[in-house]
Each structure stands twice: as structure tokens, then as C-alpha cells.
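J.: Dropping the sequence and predicted coords here.
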Amino acid sequence: MAVIKSLVNTSSAEYRRRFGINEGLVAQLREKQEHARHTRPKRDIDRIRAQGKLTTRERLKLLLDPGTPFLELSTLAANRAYEGESPGASCVTGVAIVSGREVMVHADDHSVKGGAWYPLTVKKMVRSLDIALENRLPVVHICDSAGGQLQLQPDLFPDRYMAGRMFRNQSLLSKAGVKQVALVLGHCTAGGAYIPALSDYNVIVRGTGAVFLGGPPLVKAATGQTLTADEIGGCDLHTQKSGVCDYPARTEQEAIAIGRDIVAQFDRPEKTRIERAIPEEPLYDPQELYGIIADDIKKTFDMREVIARVVDGSRFHEYKPAFGTTLICGYAYIWGHKVGILANNGILFDDSAIKGGHFIELCNQNNTPLVFLQNTTGYMIGRDYEMAGITKHGAKMIMALSCSKVPKFTVMCHASFGAGNYGMCGRAFDARFLFSWPNHQIAVMGGEQAANTLAEVKLRQMERNGDAIDQEVLQKVRQVTLQAYETQTSAYHSTSEVWDDGIIDPADTRNVLGIAISASLNAPFGEPGYGVFRF
């Protein structure tokens with residue numbers, strides 16, 4: 001593989017200007033992440049201490065192997081929801097190392113309304129279990145939840161991808177032989193009781209741990225009985241009589257130690273074999289990405305410069321370099337794992353789509369995972385391009401992507417608009433992991449295009465109705481649309497809604513992808529198969 005020769009002038013005024021802007025965006029990201037992880041009202045921390053409990057982050061520190069990376073997912077979920085009262089969507093999820101095994105961790109955040117589940121809490125937890133299923137990752141649940149937020153129950157209980165999906169996923173994990181252990185460090189109420197009940201192993205702390213379908217208030221309301229949490233769901237009841245729980249523990253520390261020992265008994269699955277090499281650092285400093293990323297969503301930048309700061313040794317074998325030049329395709333290594341990379345260098349034309357679809361097929365033939373680096377305003381439109389078959393060529397790329405059996409990973413590097421989001425493995429196309437950079441924007445089209453389109457529709461409506469053309473009305477349509485798009489296209493809106501698996505520092509992209517690719521190799525790839533390609 002040839003080394004990419006960087007053409008970036010790191011001393012230019014434009015580079016320094018971009019560096020300052022993107023460095024500021026990363027600083028803002030760090031501040032928001034720190035707040036979501038650690039800032040809680042004093043009264044909530046005092047309540048936890050009075051109960052003799054550790055905080056969620058303290059529990060995780062005891063659980064995870066010291067000095068190992070923790071790929072936390074969706075740290076800023078719900079950052080724009082519920083008036084900010086559910087930081088991180090009231091739970092922590094991520095890929096971690098426990099007793100030398102790669103696992104998915106889910107931990108309720110009991111500092112937020114007793115760990116009650118909001119709708120986005122459920123969405124984040126379901127996503128973590130989807131990842132566990134796709135990648136055959138054992139799961140460690142740290143349970144301490146008051147159950148669903150009853151006032152919001154229509155949005156978290158009845159539909160296909162709501163709370164019941166968690167328990168469905170737990171059942172499928174068990175069917176697939178993927179192990180789960182639940183650490184009951186607090187209450188597991190109502191539906192939350194099924195998390196330890198559906199786990200292969202569970203540990204419960206005497207005095208503070210409890211598992212019940214109905215807590216004391218509900219039992220009293222339904223039966224008139226006045227009982228304590230310990231009497232209807234405590235440690236001794238479940239480890240000595242009901243058999244719901246397996247291991248009693250005197251303290252949280254002991255429960256976590258037992259959990260780590262349980263995970264240490266798990267067999268180590270043989271990973272799917274792909275082409276490997278000795279890992280190497282890139283030749284170029286990943287922080288130089290701050291000076292490369294454009295500060296205007298309408299501006300492009302050479303994705304080869306991005307690739308050079310992500311892949312091993314900055315080496316890249318580019319496929320079809322003279323054809324379909326607005327889509328870069330080629331092979332590289334990331335932390336020693338061979339991958340096929342597809343990266344946008346502009347809008348997708350018919351030749352770019354043909355090249356992308358063919359390259360995806362080649363990667364499936366070679367058992368090579370796919371990495372998509374998105375910066376796309378979509379597929380090209382217009383009469384000439386429609387005559388050339390842009391729609392069918394885009395459909396072929398989508399067909400190849402959808403039917404691909406190798407793991408896929410997506411990084412939203414800048415723009416993600418229209419059907420380009422689909423062809424470049426947007427959320428709907430089952431990337432094993434999908435991450436965003438803080439400058440990322442996503443929408444069905446750009447804000448200006450949407451504003452002008454809706455103003456044009458309003459103008460035609462006025463003309464059909466014989467109304468006088470009111471420029472103030474048209475301008476208001478534009479302004480309202482632009483304001484809405486400015487809010488809704490933001491990376492922080494996307495991550496709040498769990499449309500991605502988290503916003504990451506661009507300079508961390510290589511490390512994040514390395515962990516994600518390693519986790520994906522716990523699952524077999526299967527065989528590719530395709531539907532009908534329209535030629």
C-alpha cells in the first residue's frame with residue numbers, strides 16, 4: 001500500500017483558522033460530556049450516600065479492568081430532551097473490558113429520579129442490546145432503577161422498539177449463547193425486574209437490592225398490604241426462597257467483585273478471522289484534522305487527508321482512482337485490522353455510485369469490514385443525470401450495502417444530506433457502530449434548499465388560488481424553515497435522539513474505530529446474498 005502524501009499546509013492562515021474553530025467545537029463537546037457524566041444536584045448525591053450506595057461512575061470504575069479503554073456510547077443522549085433533566089438519558093452504556101473479556105455494559109443512573117427510564121433511556125438501552133446481539137458481546141447489567149416514567153408511558157411501553165424490545169433482545173442473546181450477568185445494586189421495579197430474571201447470572205446486595213414486579217406502593221394500592229421492599233423482593237427472599245437471584249452480596253463492592261469473577265468464567269470465543277497486520281500509528285498527527293475540516297457545511301475537503309490521519313502508517317491502496325472521483329474507495333489497516341474505506345469527496349454521481357457498489361461487493365468477497373466516512377450532499381440531480389440512470393445506480397449501491405454481510409462502521413465527518421446518507425450507510429442500514437463529529441449536520445436536504453423549496457411551494461399555492469404574491473409570507477416561510485433546520489440538523493440534536501452512537505473528537509476516530517472493529521469480530525460474518533440489481 002502506498003503512503004498518502006499529505007498536501008496540507010499546516011502553517012497557512014486557512015489551516016490555522018479552521019484549527020481554531022474545530023478545536024473550539026471539541027472543547028465544547030468535552031464540556032458537555034463532562035456535565036452529562038458528572039454534574040448532579042447535591043441533594044441527589046446526598047440521597048445516594050445516605051442509602052450507602054456508590055455513584056454510577058464509581059461502580060463502573062470497580063467493574064472495568066484498570067487501564068483498559070471504555071468506548072462509552074451516546075454520552076449526550078437526551079441532551080435536548082426533557083428540559084435537560086435526564087443527562088445521558090439516565091443510563092451509561094458502552095463496550096468495555098471486564099476480566100479480560102470484551103463486553104457490553106449497561107448501567108442505570110440512579111442519581112436521576114432513582115434511575116427511572118425515560119423514552120430515550122429505553123431507546124439507548126435497546127440500542128446497546130442490539131449492538132450486543134450483532135457483535136455477540138456478553139452483557140453486564142448494573143441495575144438500579146425505579147422503572148418507567150409513568151407519566152411518559154405511552155412513549156416507552158407499547159410499541160415494537162420500546163421497553164419490551166429489551167427483554168426480547170435479552171432472550172435472543174441467551175438463545176445465541178451470549179452470556180449476561182446482572183448486578184442488582186438497587187431496586188429493579190416492574191419491567192426492570194425482567195433484566196435480572198432474563199440474565200444467565202445475577203447478584204443482589206442485601207439491604208439495598210430488590211427485584212419485584214410491583215413495589216410497596218403498588219402492592220398496597222392493589223392488595224391493601226403494607227410491606228417493605230425487602231419483604232417482597234429483597235436479597236434473602238430471592239436467593240433463599242424464590243430462586244430469582246443467584247448470589248447474595250453484603251456490599252456493592254462485593255457484588256461487583258462477584259460479577260467480575262463470573263465474567264472470568266466465560267469462555268473466550270474465537271474471533272472471526274480477517275486480514276491482520278502489526279498496528280502502526282499514522283504518519284500524520286490526528287489532531288491536524290482540526291485544521292482540515294471545513295467550517296462551512298457547503299465546503300468540501302479532501303478525504304484522503306482524513307484517511308491519512310486515521311489509518312495505520314497513513315498507507316492506502318486506492319481502488320479505481322481515476323473513475324468516479326467524488327467517491328474515494330480503497331483498502332487500509334486500522335489498528336492492524338484490514339478495512340475497506342468509502343469516503344465522499346463531493347456529491348455522488350452515477351460513476352461514483354457504480355464504483356461504490358462494486359467496491360462493497362469486493363469487500364464482501366474478501367471478508368473485509370467496511371468503513372464509511374460521510375461528507376455528502378447526496379446523489380446528483382437534474383435531467384442529464386436522470387437520463388444517465390443516477391437513480392438506478394444509487395439503488396445498486398444501496399442494494400450492495402443493504403445485503404452486505406461484513407461489519408459496517410460509519411463516521412459522520414461533515415454533511416449527510418438526502419439519499420447520500422443512505423448510500424453511505426446511514427443509521428437505517430445497520431452499521432455495527434455509527435459515530436458523529438461535532439461539526440456534523442444531517443437532514444433530508446440542506447436548510448437553504450429546504451427553505452427555498454417550501455417558499456416555492458407556497459408561491460405556487462398563491463398563484464393557483466389567485467392570491468396576491470405576498471413576499472412577507474414567503475420570507476417568513478424561509479425564516480421559520482431555516483431556524484428549524486439550524487436546530488434539527490445539529491450533531492447535538494442527532495445524538496440527543498440516539499440517531500448515532502455518540503459524538504466523538506475527530507482526533508479519536510482511529511481509536512474508536514479500532515475498538516469497534518475488534519468488538520465486531522466476536523460475531524461470524526455469514527455469506528453475502530443480493531436481490532435484483534437494475535442494470
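T.: Right, received. Where do you want to start?

J.: hey, let's count contacts and neighbours off CA atoms from now on
T.: Noted.

J.: Strands along the stretch 201-350 of the chain, start to end?
T.: Here the stretch 201-350 of the chain has its strands, by DSSP state E, counting those that start in this stretch, at 201-205, 210-212, 247-249, 315-319, 327-334, 337-344.

J.: any idea of the mean pLDDT in the third one?
T.: Just to be clear, that refers to strand 247-249. Averaging pLDDT along strand 247-249 yields 98.

J.: Touching it from outside, list them.
T.: For strand 247-249, the surrounding residues in contact (CA atoms under 8 Å, 6 or more residues apart in numbering) are 202-206, 235-236, 239, 255.

J.: from the chain's centre, how far out does that strand sit?
T.: 33 Å (CA atoms, centre = their mean, to the nearest Å).

J.: who does it pair up with?
T.: strand 201-205 (parallel) (DSSP bridges).

J.: residues in contact with the partner strand?
T.: Here strand 201-205 has contacts from 180-186, 196, 210, 235, 245-252, 255, 258-259, 262, using CA under 8 Å, 6+ apart.

J.: Most neighbours among the contacts of strand 247-249, which one is it?
T.: I204 (34 neighbours; other CA atoms under 10 Å).

J.: Quick check: beta-bridge partners of that residue?
T.: Here I204, judged by DSSP bridges, has bridge partners V184, P248.

J.: ok, G446 to G378 distance?
T.: Using CA to CA, to the nearest Å, G446 is found at 10 Å from G378.

J.: Next: L133.
T.: In terms of CA to CA, L133 sits 31 Å off from G378.

J.: of those two, who's got more company?
T.: G378 (25 against 21).

J.: so what's the backbone phi/psi at that one?
T.: Main-chain torsions, G378, degrees, to the nearest 10: phi 120, psi -170.

J.: and what of Q479?
T.: Dihedral angles of Q479 (phi, psi; degrees, to the nearest 10) stand at phi -60, psi -50.

J.: Just give me the neighbour total for it.
T.: With other CA under 10 Å as criterion, Q479 counts 17.

J.: Just the endpoints, please. Distance across stretch 221-238?
T.: Note: stretch 221-238 ends 23 Å apart using CA to CA.

J.: Run through who's touching it.
T.: With contacts defined as CA under 8 Å, 6+ apart, stretch 221-238 is touched by 204-212, 215-216, 219-220, 244-246, 248.

J.: same thing but at 7 Å, please
T.: Contact with stretch 221-238 is made by 204-207, 209-212, 215-216, 219-220, 244-245, 248, as judged by CA atoms under 7 Å, 6 or more residues apart in numbering.

J.: Can you tell me which of those residues are buried?
T.: With neighbours counted by 16 or more other CA atoms under 10 Å, the contacts of stretch 221-238 contain buried members at 204-207, 209-212, 215-216, 219, 244-245, 248.

J.: In CSV: those, plus distance to T228.
T.: Putting the buried ones among the contacts of stretch 221-238 into CSV (distance: CA to CA, whole Å) gives the following:
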residue, distance to T228
I204, 17
V205, 16
R206, 13
G207, 11
G209, 12
A210, 10
V211, 12
F212, 11
G215, 8
P216, 6
V219, 10
V244, 18
C245, 18
P248, 19
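
J.: need the contact list for M1.
T.: Contacts of M1 (CA under 7 Å, 6+ apart): 315-317.

J.: thinking again about what came up before, let me know the closest of the contacts of strand 247-249 to T272.
T.: The closest of those to T272 turns out to be N202 (CA to CA; 29.2 Å).

J.: ok, the closest one to M104 distance?
T.: Taking CA to CA, one finds N202 at 16 Å from M104.

J.: Run a quick neighbour tally on Y319.
T.: Neighbour number of Y319 under other CA under 10 Å is 17.

J.: Out of the contacts of stretch 221-238, name the two that are farthest from one another.
T.: Among the contacts of stretch 221-238, K220 and P248 lie farthest apart (CA to CA), at 26.9 Å.

J.: anything in contact with each of G446 and G378?
T.: Common contacts of G446 and G378, defined by CA under 7 Å, 6+ apart, comprise F417.

J.: where does the stretch 151-300 of the chain dip in pLDDT?
T.: Residues of the stretch 151-300 of the chain meeting the criterion pLDDT under 70: none.

J.: Tell me where it has helices.
T.: Using DSSP state H, counting those that start in this stretch, the helices assigned to the stretch 151-300 of the chain run over residues 163-175, 194-197, 216-223, 229-233, 235-236, 252-264, 289-292.

J.: right, so of those, which gets closest to S11?
T.: The nearest among the helices of the stretch 151-300 of the chain, by CA to CA, is helix 289-292 at 9.9 Å.

J.: now the closest one: how far from the chain's centre is it?
T.: 23 Å.

J.: Check which residues of it are buried.
T.: 289-292.

J.: pLDDT score assigned to the residue lying closest to D285 once chain neighbours are set aside?
T.: Once flanking residues are discounted, D285 sits nearest to R309: 6.3 Å by CA to CA, 6 or more residues apart in numbering. Among the per-residue scores, R309 holds a pLDDT of 98.

J.: Now the phi/psi pair for R309, please.
T.: phi -110, psi 10.

J.: residues in contact with L137?
T.: 102-104, 178, 522.

J.: For stretch 439-450, buried residues please.
T.: With burial defined by 16+ other CA under 10 Å, the residues of stretch 439-450 counted as buried are 439-447, 450.

J.: In a markdown table: the helices of the stretch 151-300 of the chain, plus distance to I274.
T.: Listed next are the helices of the stretch 151-300 of the chain as a markdown table, based on distance: least, CA to CA, whole Å:
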| stretch | distance to I274 |
| --- | --- |
| helix 163-175 | 24 |
| helix 194-197 | 34 |
| helix 216-223 | 53 |
| helix 229-233 | 47 |
| helix 235-236 | 46 |
| helix 252-264 | 26 |
| helix 289-292 | 28 |
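
J.: and I4, which of these is closest to it?
T.: helix 289-292 (14.7 Å).

J.: residues in contact with that closest one?
T.: Contacting residues not belonging to helix 289-292 are listed as 15-16, 18-19, 22-23, 301, 306, 506-507 [CA under 7 Å, 6+ apart].
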